[in-house]
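*Asks:* Quick one, what's the 3D model for this:
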Amino acid sequence: MLIAALLSLTVGRYPVAVIELAHWLLATCGIGSMPTERLQLLHSVIVEARLPRILGAMLVGAGLSVAGGAYQAVFRNPLVSPGLLGVLSGCAFGAALGIVLGLHGLWVPVLGGVGGLLAVGLGVAIAAMFSSGSILMLVLGGIVSNALFTALLSIVKYMADPLDQLPAIVYWMLGSLSAVDTAALWWTAPTLAVAIIALCLLGRLIDGLSLSDDEAHSLGIPVQLIRYGVIVLATLICALTVSIAGMVGWVGLLVPHLARLLVGPGNARLLPLSACLGACFLLAADSLARSLTAGEIPLGIITELLGAIAFVLVLNRVRRGWL
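*Replies:* Numbering: from 1, shown residues only. Modelled structure (predicted):
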């Protein structure tokens, strides 16, 4: 993961050789020397332009992968993705509403995160109205919430200015790290990192959710507390990642499958490896997004293409466990 991050610093429309990157690092640390103009230029390219988006890519990739793996364990379904309970449609609605209201700065990603949390809260509340502990009712509640916030998003897009606001909404929904706000990143990074680490530490307890509820209770596992705690943490992670990079698909579905092929189904190993693989996957996708063409390709398009191709390649292996 660290090697992938260092290589990403060299990639872009202004390429930096690995040797020159090492020379710049040594000169920055006071070891060796470099012409002042060159040192300042590389500082602007590496530290000010590329480092924030690379940190954002690592956090978003790790967060979505861990959240996807946790959702798959909680719902006992390998095809579950972080958008199951409506978090992505809620985030899209919140961000679109912020754009239509003319808000700027941190307000759009903040409203996106709040919208995602509200969508999941609504889905859980609907499930609690009928059956407090049923996974099926959680899924149905998520379907209802997802449909509602998708409809609200359509209303907002219909009301948006087609010349200015609607293109901004569409571009935001495609996902991108090109406009990562450093202040927003430092604001969200600690919470995101803590939530990712907490889910990884809960791996052994999450394994207990693969049993039936009665069997898990007999082993002393607080099923409802763990289930809803994992849902809250995974939803918070998804909301924060969307506030950083917009809508980025396939990461939370694909990467846990890749990790499962390497270390098996145990979440104590699966979730940390998913975080590392997810960070590497999104670093590679972001490097391609800003290098393939003269104009940057939205990150969501790259992850959809890479994710679909990679999923087809691993499908023959993972389907054996489903059957």
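*Asks:* Can you give me the distance of the residue sitting nearest the centre point of the chain to residue 240?
*Replies:* In the chain, the centroid-proximal residue (Cα atoms, centre = their mean) is residue 64; its distance is 3.2 Å. Distance from residue 64 to residue 240, counting by Cβ to Cβ, to the nearest Å: 10 Å. C-betas here are computed from N, CA, C, even on glycine.
*Asks:* Residue 161 now?
*Replies:* Distance, residue 161 to residue 240, by Cβ to Cβ: 28 Å.
*Asks:* cool, residue 256 as well?
*Replies:* Applying Cβ to Cβ to residue 256 and residue 240 gives a distance of 19 Å.
*Asks:* ok, back up a step: so residue 161 and residue 240 - more neighbours on which side?
*Replies:* residue 240 (28 against 13; other Cβ atoms under 10 Å).
*Asks:* Could you pull up the residues touching the more buried one?
*Replies:* Residues in contact with residue 240 (Cβ atoms under 8 Å, 6 or more residues apart in numbering) are 63, 113, 188, 191-192, 195.
*Asks:* Just the buried ones among these, please.
*Replies:* If you count burial by 16 or more other Cβ atoms under 10 Å, the buried members of those come out as 63, 113, 188, 192, 195.
*Asks:* How about residue 56, nearest residue that isn't a chain neighbour?
*Replies:* residue 180 (4.5 Å; Cβ to Cβ, 6 or more residues apart in numbering).
*Asks:* What are the structural domain limits within the protein?
*Replies:* 1-40, 70-247 (automatic domain parsing).
*Asks:* so of those, which one's packed in deepest?
*Replies:* Mean neighbour count, computed with mean count of other Cβ atoms under 10 Å, is highest for domain 70-247 among those, reaching a mean of 19.
*Asks:* can you tell me the average pLDDT over that one?
*Replies:* For domain 70-247, mean pLDDT is 87.
*Asks:* Determine how far the last residue of that domain lies from the first.
*Replies:* Domain 70-247 has an end-to-end distance of 19 Å (criterion: Cα to Cα, to the nearest Å).
*Asks:* how distant is it from the center of its chain?
*Replies:* Between the centre of domain 70-247 and the centre of its chain there are 10 Å (Cα atoms, centre = their mean, to the nearest Å).
*Asks:* I figured residue 303 hits residue 176, correct?
*Replies:* No - contact criterion Cβ atoms under 8 Å: residue 303 and residue 176 do not qualify, at 11.1 Å.
*Asks:* Can you list the residue ranges for helices in the stretch 151-300 of the chain?
*Replies:* Assigned by DSSP state H, counting those that start in this stretch, the helices in the stretch 151-300 of the chain fall at 165-174, 182-201, 203-208, 213-218, 223-245, 251-263, 267-289, 299-322.
*Asks:* For residue 292, the count of nearby residues, please.
*Replies:* 11.
*Asks:* Make residue 1 into 140 and carry on from there
*Replies:* Sure thing, new numbering starts at 140, so read that last one as residue 431.
*Asks:* Show the contacting residues for it.
*Replies:* Residue 431 neighbours (Cβ under 8 Å, 6+ apart): none.
*Asks:* Show the model's pLDDT score for it.
*Replies:* Looking at residue 431, its pLDDT reads 86.
*Asks:* what's the answer for residue 461, then?
*Replies:* Reported pLDDT for residue 461: 54.
*Asks:* Phi first, then psi, for the residue nearest to residue 195.
*Replies:* Main-chain dihedrals, residue 319, degrees, to the nearest 10: phi -60, psi 120.
*Asks:* repeat for residue 154
*Replies:* Backbone dihedrals for residue 154, given as degrees, to the nearest 10, come out at phi -70, psi 150.
*Asks:* got a list of what it touches?
*Replies:* Applying Cβ under 8 Å, 6+ apart, no residues qualify as near residue 154.
*Asks:* if you set the cut-off to 10 Å instead, what comes out?
*Replies:* Residues in contact with residue 154, defined by Cβ atoms under 10 Å, 6 or more residues apart in numbering, are 184, 430.
*Asks:* gap between it and residue 220?
*Replies:* When residue 154 is compared with residue 220 (using Cβ to Cβ), they lie 35 Å apart.
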